[in-house]
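> quick one, what's the 3D model for this:
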Amino acid sequence: MIFLVHAGSLLAQDNPAQRLLTEMSEAVRTTDYQGSFIFEHNGQIDALRLFHAGGHPERERLISMSGARSEIVRDDTSFTCLQSGLPTVIFENRVGARLLPLLPDASALAASGHYATSVAGADRVAGYRARIIEVSARDGYRYGYRLWLDEGSHLLLRSALVDSARRTLEQFMFVALDVGAKPKESDLQAASDAGISAPAEEAALPGPPQWRVANPPPGFAFLRAQRPAQGPTPAEHHLYSDGIADVSVYVEPRDANVAAAQDRSMARGALHVYSRDVGAWRVTALGDVPRATVERIARSTEPVTQDRH
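Reported below is the predicted structural model:
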């Protein structure tokens, strides 16, 4: 890990785009700001308002401005999710995730050989002058990004997830933003508390995984395997990632009364799902990645043989 961080720092020194991405990552974490943005995803457009207090502890609150009333409050340890008419749900913040959508990990980009970054011009977003950074995937197994960074603070103003033809799949954009404005304490607190409901959590497997992906796409590595929160006991959930994009693999017993089916695939926005039957089991791979990625992962998922070490 220390080597990867050091390597990322060296790359940032030689690559102006990577240097700006590193500064973006710092700005998103430490800057005080508040603003409204639109988020286009899965065929719908949401309007949201975000309050962010940087530093330690970092705190933020995201409020829906369209559709059903909902909000998320985050600090360094947890997410508190509220939706009108439903109990409050609290999740542990295990990976330092943030509420700003479509925010790639600058360190992972620097350490990866599967993405290229470049400065691609200038623009204006929410009244701020912005530098555009292109993050291009080097193969067809992952998506790229187009990022707009404020020239002054390097805060992310707009982000688009793009396919290999540079077509936008999902995007968000601030339409009103006040950089440097520290939110009031009331802006960072949940509006109400409808009772606490503990979410179902995945459990550890009783032993080593019984399935593996024999031939994952280049750059995608196994992270962990757990038992799905609501799946049958022998089911497994595996997570693969290239540091930017994640793919989940679910292996579950299929209904014995239903004949095995041909492979199935579906897409919704950036999300692709590929499912196939393997004997008495159903394998499903899904993630915000191209179809080729989930298909390759699902088709190379196989039982772990007893003599494999």
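> tell me where the stretch 151-300 of the chain has helices.
Using DSSP state H, counting those that start in this stretch, the helices found in the stretch 151-300 of the chain span residues 291-299.
> show me where pLDDT drops low in it?
Within the stretch 151-300 of the chain, the segments meeting pLDDT under 70 span 193-200, 231.
> now do the longest helix along the chain: everything it contacts.
Secondary structure of the chain per DSSP state H: the longest helix is helix 16-30. Contact with helix 16-30 is made by 8-9, 11-13, 54-55, 58, 98, 100, 103-107, 109-110, 117-119, 131, 133-135, 147, 149-150, 153-156, as judged by C-beta atoms under 8 Å, 6 or more residues apart in numbering. All C-beta atoms are positioned from the backbone trio N, CA, C, and that covers glycine.
> mind redoing it with 7 Å?
With contacts defined as C-beta atoms under 7 Å, 6 or more residues apart in numbering, helix 16-30 is touched by 11-13, 54-55, 58, 98, 100, 103, 106, 109-110, 117-119, 131, 133, 149, 153-156.
> can you select the buried ones among those residues for me in PyMOL?
Selecting only the buried entries of the contacts of helix 16-30 in PyMOL, with 16 or more other C-beta atoms under 10 Å as the criterion:
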select buried, resi 11+12+54+58+100+103+106+109+110+117+119+131+133+149+153+154+155+156
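> what distance separates stretch 204-215 from the middle of the whole chain?
23 Å (C-alpha atoms, centre = their mean, to the nearest Å).
> buried residues in it, which are they?
For stretch 204-215, burial by neighbour count (16+ other C-beta under 10 Å) applies to 205, 209, 211-213.
> same check, this time on stretch 253-268
The neighbour-count check on stretch 253-268 (16+ other C-beta under 10 Å) flags Arg254 as buried.
> do stretch 226-246 as well
Residues of stretch 226-246 classed as buried: 226-228, 235-245 (neighbour count, 16+ other C-beta under 10 Å).
> just the helices in the stretch 1-150 of the chain please.
2-14, 16-30, 106-111.
> on the pLDDT front, check Gly8 for me.
Note for Gly8: predicted pLDDT of 48.
> thinking again about what came up before, return the subset of the buried residues of stretch 204-215 lying in strands.
Among the buried residues of stretch 204-215, DSSP state E puts 211-213 in strands.
> same question for stretch 126-145, mean pLDDT?
For stretch 126-145, the per-residue pLDDT averages 98.
> that one: how far from the chain's middle?
On C-alpha atoms, centre = their mean, the centre of stretch 126-145 falls 15 Å from the chain's centre.
> swap in stretch 242-257?
Relative to the centre of its chain, stretch 242-257 is centred 17 Å away, using C-alpha atoms, centre = their mean.
> again with stretch 226-242
Put simply, stretch 226-242 sits 18 Å off its chain's centre (C-alpha atoms, centre = their mean).
> cool, and stretch 179-190?
Here stretch 179-190 is found 25 Å from its chain centre; the criterion is C-alpha atoms, centre = their mean.
> touching that stretch from outside, list them.
Against stretch 179-190 from outside (C-beta under 7 Å, 6+ apart): 31-34, 51-53, 59, 61, 71, 73, 80, 82, 150, 153, 155.
> and Arg146, what is it in contact with?
With C-beta under 7 Å, 6+ apart, Arg146 has these contacts: 132, 134, 160, 162.
> likewise for Thr117?
Thr117 makes contacts with 15, 17-18, 21, 109, 133-135, as judged by C-beta under 7 Å, 6+ apart.
> swap in 8 Å and give it another go.
Here Thr117 is in contact with 15, 17-18, 21, 109, 133-136 (criterion: C-beta under 8 Å, 6+ apart).
> got it, and Asp246?
Listed by C-beta under 8 Å, 6+ apart, the contact set of Asp246 reads 239-240, 287-288.
> likewise for Ala298?
Per C-beta under 8 Å, 6+ apart, neighbours of Ala298: 249, 263, 274-276, 283-285.
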